[in-house]
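[1] Predicted model and sequence below, questions to follow.
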Amino acid sequence: MPRLLILGGSGILGSEVLKEVLGRNIDCISPRSEELDIRNLAGLEKIVFSYKPDWIFNCAAWTNVDGAESSPQEALELNRNAVENIASAAAKAHCAVVHISTDYVFDGSSDIGYAENDATNPINHYGLSKREGEVALLKERSIKSYILRTSWLYGVTGKNFVRTMTTRALRGKESKVVSDQVGSPTNARDLAKGIFSIIEKAPEKGIYHFSNQGLCSWFEFAQKIYDLAGADSELVQPIESNKLHQVAKRPSRSILDTSKWVDSQLGNIPSWEISLASLMPEIISTINLEGQP
């Protein structure tokens with residue numbers, strides 16, 4: 001029975017990973033952030049040495065893209081320094097690591113999908129901090145580590161684009177959404193299943209890309225969300241990025257090539273449209289229960 005230490009278990013992805021644990025023959029702990037600050041090496045080592053996990057799943061991260069511009073050091077502390085701590089503790093405890101990264105390590109200038117070995121070139125502090133975390137983990141060569149880069153992650157819980165747009169759709173509100181940024185939405189539930197494929201298939205360590213198949217603009221994504229929520233998709237209006245005056249610059253085309261994932265026989269990845277449609281009823285139900293609309 002593998003033993004898992006899941007970090008960031010209350011987040012969008014971490015909560016789905018914990019759901020995946022249910023029904024599996026797996027021993028797992030997931031301390032909350034108030035119980036364990038992964039930026040503190042001594043505290044992390046205490047947990048790792050006492051529990052002795054076979055795997056550490058790091059789903060914890062600073063994900064506030066605009067906030068990272070005004071607080072770059074805080075983003076680095078969680079996205080780089082904490083990953084250094086995880087790598088150090090894992091090396092001493094001889095356990096494997098799965099770490100989640102992002103398409104924002106790329107600059108978005110490529111017309112084709114980015115492969116795992118393509119040069120990174122982040123254009124904002126969030127992307128820079130996540131790249132630094134990748135470097136910190138890969139530097140510890142003694143451990144079996146996997147970096148899963150993903151994009152446009154959403155789920156049933158937490159603050160994310162799909163929940164925000166669904167709430168606005170259920171209220172019948174208009175939304176202006178960027179039309180000149182293209183990517184691949186990723187269902188956190190699909191990614192959680194993918195993480196367990198890593199455990200089951202034990203592929204060669206290194207970097208892997210995982211995002212739902214197909215691509216769209218944020219505008220097209222929002223229109224689909226409105227449609228699935230039973231709202232008029234005409235309520236979604238396109239807007240160019242430079243009209244939004246966002247603090248952080250975003251990649252204009254951050255498509256991840258997932259060929260390595262499929263070629264490694266880690267499983268097929270569903271299209272973003274099918275995956276979104278499968279999760280929307282649960283998202284709508286959750287929002288209604290929370291009384292947000």
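    On my side now, so go ahead. The structure presented is a predicted model; accordingly, all values stated were derived computationally and were not measured.
[2] Could I get the full set of strands for the stretch 51-200 of the chain?
    55-58, 96-102, 145-150, 153-154, 175-178, 182-183, 186-187 (DSSP state E, counting those that start in this stretch).
[3] Of those strands, which is nearest residue 260?
    Closest to residue 260 of the strands of the stretch 51-200 of the chain is strand 145-150 (Cβ to Cβ; 10.7 Å). Where you see a C-beta, it was placed from the backbone N, CA and C, and this is true even at glycine.
[4] if I look at the closest residue to residue 24 other than its chain neighbours, how far off is residue 17?
    Spatial nearest neighbour of residue 24, chain neighbours left out: residue 196 (7.5 Å); criterion: Cβ to Cβ, 6 or more residues apart in numbering. Residue 196 is 8 Å from residue 17, where distance means Cβ to Cβ, to the nearest Å.
[5] do the same with residue 107
    29 Å.
[6] Can you tell me who residue 147 pairs with across the strands?
    residue 99, residue 207 (DSSP bridges).
[7] Tell me who's in contact with it.
    99, 100, 101, 134, 137, 138, 206, 207, 208 (Cβ atoms under 8 Å, 6 or more residues apart in numbering).
[8] PyMOL command for the buried members of those residues?
    Remark: buried members of those, expressed as a PyMOL selection using 16 or more other Cβ atoms under 10 Å:
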select buried, resi 99+100+101+134+137+138+207+208
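[9] Put together TSV for the contacts of residue 147, with pLDDT on each row.
    Below are these laid out as TSV (pLDDT from 0 to 100):
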residue	pLDDT
99	98
100	98
101	98
134	98
137	98
138	97
206	97
207	98
208	98
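[10] Next, format the contacts of residue 147 as JSON lines and append distance to residue 53.
    Rendered in JSON lines, the data for these read as follows (distance: Cβ to Cβ, whole Å):
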{"residue": "99", "distance to residue 53": "14"}
{"residue": "100", "distance to residue 53": "17"}
{"residue": "101", "distance to residue 53": "20"}
{"residue": "134", "distance to residue 53": "21"}
{"residue": "137", "distance to residue 53": "16"}
{"residue": "138", "distance to residue 53": "20"}
{"residue": "206", "distance to residue 53": "21"}
{"residue": "207", "distance to residue 53": "22"}
{"residue": "208", "distance to residue 53": "21"}
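[11] ok, now how distant is residue 175 from residue 252?
    For residue 175, the distance to residue 252 - Cβ to Cβ - is 20 Å.
[12] which of residue 107 and residue 17 has more neighbours?
    residue 17 (26 against 19; other Cβ atoms under 10 Å).
[13] Let me know the angle separating whichever strand or helix holds that one from strand 96-102.
    Using DSSP states H and E, residue 17 maps to helix 12-21. Here the directions of helix 12-21 and strand 96-102 differ by 140 degrees (axes from the mean of the first three to the mean of the last three Cα atoms, to 10 degrees).
[14] Show me how far helix 12-21 is from its chain's centre.
    12 Å (Cα atoms, centre = their mean, to the nearest Å).
[15] May I see the buried residues of it?
    12, 13, 14, 15, 16, 17, 18, 20, 21.
[16] Once you drop chain neighbours, what's closest to the fourth one?
    Here the nearest residue to residue 15 in space, its sequence neighbours aside, is residue 157; by Cβ to Cβ, 6+ apart that works out to 5.1 Å.
[17] Now for that neighbour: which residues touch it?
    Residues near residue 157 by Cβ under 8 Å, 6+ apart: 11, 12, 15, 286.
[18] now swap in residue 179 and tell me
    Counting by Cβ under 8 Å, 6+ apart, residue 179 touches 217, 218, 219, 220, 238, 239, 240.
[19] need the strands of the stretch 51-200 of the chain in JSON lines with distance to residue 66, can you?
    Shown next, in JSON lines, are the strands of the stretch 51-200 of the chain (distance: least, Cβ to Cβ, whole Å):
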{"stretch": "strand 55-58", "distance to residue 66": "23"}
{"stretch": "strand 96-102", "distance to residue 66": "15"}
{"stretch": "strand 145-150", "distance to residue 66": "19"}
{"stretch": "strand 153-154", "distance to residue 66": "17"}
{"stretch": "strand 175-178", "distance to residue 66": "14"}
{"stretch": "strand 182-183", "distance to residue 66": "17"}
{"stretch": "strand 186-187", "distance to residue 66": "20"}
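[20] For stretch 29-46, could you pull out the residues that count as buried?
    So, applying 16+ other Cβ under 10 Å, buried residues of stretch 29-46: 30, 31, 36, 38, 41, 43, 44.
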